[in-house]
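Participant: Make a model of this:
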Amino acid sequence: MIEENPQTQGKSPLRLLREQAGLTRPQVRQLIGVSERRQADWESGKAMPSVENVVALARLYKVSLKTMCKSLGIDVKDVPDDTN
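Facilitator: Numbers count the residues shown, from 1 in each chain. Model prediction:
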């Protein structure tokens, strides 16, 4: 997951996931088709992405939906993991 260090201080968890995936904000906007304002609001915590966009971000960032939810501040501790 995301480790706290001087370089990550002050950055939102969603921004850190994007940076760890090696993607820029313009790349993410283009790949999932959202506006600059919308993406900025997600990363600043002013707005929450739709379920469809959370799934798209999880795919882009190569993380689980639980990780995405945690990065958005959603408590998922009692949500069971998938068992295939």
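Participant: Just the terminal-to-terminal distance for stretch 43-57.
Facilitator: 12 Å (Cα to Cα, to the nearest Å).
Participant: ok, and what's touching that stretch?
Facilitator: For stretch 43-57, contacts defined as Cβ atoms under 8 Å, 6 or more residues apart in numbering pick out 12, 14-15, 17-18, 25, 28, 31-32, 34, 38, 40-42, 65, 68-69, 72-73. In this view, the C-beta of every residue, glycine as well, is placed from N, C-alpha and C.
Participant: Ile74 and Asp82, how far apart?
Facilitator: As judged by Cβ to Cβ, to the nearest Å, Ile74 and Asp82 stand 17 Å apart.
Participant: Those two: which has the busier surroundings?
Facilitator: Ile74 (13 against 8; other Cβ atoms under 10 Å).
Participant: phi, psi of Asp82?
Facilitator: Backbone torsions for Asp82, taken as degrees, to the nearest 10, come to phi -70, psi 140.
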